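> Sequence first, then the predicted structure:
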Amino acid sequence: RAAPSARIPGRGRLGSTMSFASHIARNMLSNGWQGLQSFMDGEPPVADDVKPAEAYKVTVRWRSLAEQLEWDKFAWAQDSHAGGSAEQVVAMWLAAVGLEPVPQPIGWALLLIDTALLMLWEGVDQSALPPPLEAYPTFDRSKGSTEGAVHHEAWLPLAVLMALTGEDCASFTVFPFNMLVNSPSASAHFRLSTQCSRPTLPQLSAKDNALSHKLFGCWELETFSSLGKEFTGLKKPKGRLFYSDSFYAAQVTSLKGLFHFAYSGVWHVEDGRMYHVILCNSPMACFEGLKATGKEASEKLRQSYGGVRMRDATILDDGSLRLTVAGRQTLTWRKVDDFSKESGGRWRPSWRGA
């Protein structure tokens, strides 16, 4: 007869598996209910100069444009002898449409995404020259373009997520096939965003402000461990992360794409704790349990939209970034000037970028 304290082989593993299955089942029910609620939320009215959500429920096809469009084809590109470059083109576009500076690989991808979208709206073939600078919709109403168009506020979180992963989005998907897409479908994203608004976040302390300056840029995942055990082999994930002064996007993918966790929004750091406010969320990322922080972007969370992911953030001596989730999972990131193809994408390597 086994002693009461003896451990029965396999019981711990079985218990963990049952607990995980129970967590997934509960979250599937909760996410399904929130998805149904989102259909009843209704699309809030927008101003006459703001593009309606329906205009974005398309497949942008920006990657095909990226394969053929060079920086010197944009009308505002300066001659290379006069300082013209991809960086110059992106900087002028960001300023014109009212966006803050972002890392160059993200800015270049955002420009291509908006160019492909604008050409789609105008019915222009992608082999044509890109539109003039004044034709681009602005992200800041005070920066109104010549065409008088302003982007819908839900567009930017989806666009930066596509820029990070190097993937396009589908116009719409249905459950359970939405679990297989690279990023949330445009229709689901705009529907789930109706209850969100960008939160007002506290002023950074001097210490946290110094950390925020070190965070600006692009990062690739180096290691991922759980309870001190590093994932290797088939479980070894790939990942990308970027921070600007306000925005971020993150991707972690493993098991050859079967696990795909991607999201974006605005961020805040306070006493070394990172708050990722979620304004765009891939379907599989809905399974992470979230705790209330007081920094939410919505009072009614819809499949984690408007929620907050908390991580303890530390810049290590070698310059890498360590993000720790609830004291259990640790992700270590290395800063890069540009992303590698292998670090992005879901089922295959990503479009590389600038």
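All right, it came through fine.

> CA atoms for contacts and neighbours, from now on please.
OK.

> Strands of the stretch 251-354 of the chain, start to end?
259-270, 273-281, 308-315, 321-325, 329-336 (DSSP state E, counting those that start in this stretch).

> looking at these, which is closest to residue 60?
Minimum separation from residue 60 across the strands of the stretch 251-354 of the chain (CA to CA) falls at strand 273-281, 17.0 Å.

> what's the closest one packed up against?
Strand 273-281 is packed against helix 155-165, strand 259-270, strand 308-315, with contacts defined by 3 or more CA pairs under 8 Å, 6 or more residues apart in numbering; DSSP states H and E.

> Residue 242 is nearest to which of those?
Ranking the helices and strands packed on strand 273-281 by distance to residue 242, with CA to CA as the measure, places helix 155-165 first at 7.5 Å.

> Now do the following helix or strand past that closest one: distance to the chain's middle.
Next in sequence after helix 155-165, counting helices and strands by DSSP states H and E, comes helix 186-192. Between the centre of helix 186-192 and the centre of its chain there are 14 Å (CA atoms, centre = their mean, to the nearest Å).

> next one: stretch 222-230
Distance, centroid of stretch 222-230 to centroid of chain: 22 Å (CA atoms, centre = their mean).

> mean confidence score for it?
Throughout stretch 222-230, pLDDT has a mean value of 90.

> and residue 336, how many residues sit next to it?
Residues within reach of residue 336, counting by other CA atoms under 10 Å, total 12.

> Test my guess that it contacts residue 222.
No - using CA atoms under 8 Å, residue 336 is not in contact with residue 222, being 11.3 Å away.

> Need the overlap of contacts for these two.
Shared contacts of residue 336 and residue 222, defined by CA atoms under 8 Å, 6 or more residues apart in numbering, are absent.

> hang on, the earlier thing: I'd like the strands of the stretch 251-354 of the chain written out as CSV, with distance to residue 121 and mean pLDDT added.
As requested, the strands of the stretch 251-354 of the chain are exported to CSV (distance: least, CA to CA, whole Å; pLDDT from 0 to 100):
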stretch, distance to residue 121, mean pLDDT
strand 259-270, 25, 93
strand 273-281, 23, 95
strand 308-315, 34, 95
strand 321-325, 40, 95
strand 329-336, 34, 96
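
> In TSV, list those along with distance to residue 288.
Converted to TSV, those look like this (distance: least, CA to CA, whole Å):
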stretch	distance to residue 288
strand 259-270	10
strand 273-281	11
strand 308-315	9
strand 321-325	11
strand 329-336	12
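
> Between these, which one is closest to residue 191.
Short answer: strand 273-281, nearest of the strands of the stretch 251-354 of the chain by CA to CA, at 11.0 Å.

> now the closest one and strand 321-325, what's the angle there?
Following axes from the mean of the first three to the mean of the last three CA atoms, to 10 degrees, one obtains 80 degrees for the angle between strand 273-281 and strand 321-325.

> I'm done for today, thanks for sticking with me.
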